[in-house]
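Chemist: I'd like to go over a predicted model; first the sequence, then the structure.
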Amino acid sequence: MPCNGFPHSTRPAPHGAVYRLVGKYLPDLIYGANDGIITTLAVVSGVTGAALSSKVILILGFANLVADGFSMGASNVLSRRSDVQSSAIPTLAAAASHGFATFLGFIIAGLIPLLAYLLPWFDGDRFAAATTLALVTLFTVGAGRAFFTGRGWLVSGLEMLLVGALAAGVAYGVGALGAALVG
């Protein structure tokens, strides 16, 4: 029988309400955090690639945080309420709690790249600071999954890091191409 309720887990299940609560919402939190970091970093990268101002980064970054975070949370609610393979469709309240976890993960983690533009002690290359903050956070969140899944922390961290780095690179390139095309 798998430990922790997760297949292939190799560690004994820690006890406690916080562990069970986080474990229950872990997929939602990871999904939200991953997308929050990646899309915010993509916005920062695209605006930087287009050589636009830090003011534009903050405006688009916060617009992305709120709108995309809400959209992801609401989509999670609708997805859970549309699961036709489940024997019982969750109540609206149960689905909403998972949607809120997605939204919360998105907002909290998605704010990380913007800290380089918000906090005064990030002098110099704010884009490099934002990228570093985002990539370290992606790796940390990914590695943190191992505590609940029993998978290796290094592979788990590198999975999220690689996806985020690729998305940021694509966004930077699209921003630079867009700026070149519109002059």
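Modeler: Perfect, I can see it now.
Chemist: Now the longest helix along the chain: buried residues?
Modeler: Secondary structure of the chain per DSSP state H: the longest helix is helix 17-49. Residues of helix 17-49 classed as buried: 23, 25-49 (neighbour count, 16 or more other C-beta atoms under 10 Å). From N, CA and C alone the C-beta is placed, and that goes for glycine too.
Chemist: other SSEs contacting it?
Modeler: Applying 3 or more C-beta pairs under 8 Å, 6 or more residues apart in numbering; DSSP states H and E, we find helix 17-49 packed against helix 54-81, helix 92-110, helix 126-149, helix 153-182.
Chemist: Mind checking what helix or strand follows the shortest one in sequence?
Modeler: Meaning helix 92-110. Sequence-wise, the next helix or strand downstream of helix 92-110 (DSSP states H and E) is helix 115-118.
Chemist: From the contact counts, what lies against that following helix?
Modeler: On a contact count with 3+ C-beta pairs under 8 Å, 6+ apart, helix 115-118 meets helix 54-81, helix 126-149.
Chemist: residues contacting the closest residue in space to residue 107 that isn't next to it in sequence?
Modeler: Once flanking residues are discounted, residue 107 sits nearest to residue 69: 4.9 Å by C-beta to C-beta, 6 or more residues apart in numbering. Residues counted as contacts of residue 69 (C-beta atoms under 8 Å, 6 or more residues apart in numbering) are 32, 36, 103, 106-107, 110.
Chemist: which two from those end up farthest apart in space?
Modeler: Pairwise distances across the contacts of residue 69 peak at 10.2 Å for 103 and 110 (criterion: C-beta to C-beta).
Chemist: Who has more neighbours out of the two?
Modeler: residue 110 (30 against 24; other C-beta atoms under 10 Å).
Chemist: hang on, the more buried one packs against residue 37?
Modeler: Yes: with contact defined as C-beta atoms under 8 Å, residue 110 counts as touching residue 37 (6.0 Å).
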